[in-house]
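Peer 1: My questions are about this predicted structure, shown below with the sequence.
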Amino acid sequence: MGPVPKARGDYVRETAGKSKIRQGLLYVLLAAVVHYFAGGYSPLRLPLPIGPIVTNYLSPLLFLAGIGLAIFGFYLKQTA
């Protein structure tokens, strides 16, 4: 006998998993860009001052949330 065809729910779950992985990796990239510019590593000067709360708490939180979302998407994809 050949492989068992996937049910519709499995296909939806796998598609949602791929979407969550992509979304999580975009959040990680966004966090890196925000940290780069808000941390003063860029030669460009921002017109508004950015508080240290952004570089100390918010960009690492966004980075960790993106990693978590990508892991969740990978889990969804694997269990489909």
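Peer 2: That came through fine.

Peer 1: Quick check: the residue nearest in space to the middle of the chain vs L62, distance?
Peer 2: With distances taken as CA atoms, centre = their mean, G24 lies nearest the centre of the chain, 1.8 Å away. In this view, G24 and L62 are 11 Å apart by CB to CB, to the nearest Å. C-betas here are computed from N, CA, C, even on glycine.

Peer 1: give me the element the residue nearest to the centre of the chain is part of.
Peer 2: Element membership of G24, judged by DSSP states H and E, is helix 8-38.

Peer 1: from the middle of its chain, how far away would that helix be?
Peer 2: Distance of helix 8-38 from its chain centroid, counting by CA atoms, centre = their mean, to the nearest Å, is 4 Å.

Peer 1: after it comes which helix or strand?
Peer 2: Under the assignment DSSP H and E, the closest C-terminal helix or strand after helix 8-38 is helix 52-53.

Peer 1: what mean pLDDT would you report for that following helix?
Peer 2: The pLDDT scores in helix 52-53 average 95.

Peer 1: Also stretch 67-79?
Peer 2: Average pLDDT, stretch 67-79: 94.

Peer 1: Excluding its own residues, what touches that stretch? List them.
Peer 2: In this structure, residues lying in contact with stretch 67-79 by CB atoms under 8 Å, 6 or more residues apart in numbering are 13-14, 16-25, 27-28.

Peer 1: Quickly note the distance from the nearest residue to S19 once chain neighbours are set aside to L64.
Peer 2: Excluding its sequence neighbours, the residue lying closest to S19 (CB to CB, 6 or more residues apart in numbering) is G73, at 7.0 Å. According to CB to CB, G73 and L64 sit 15 Å apart.
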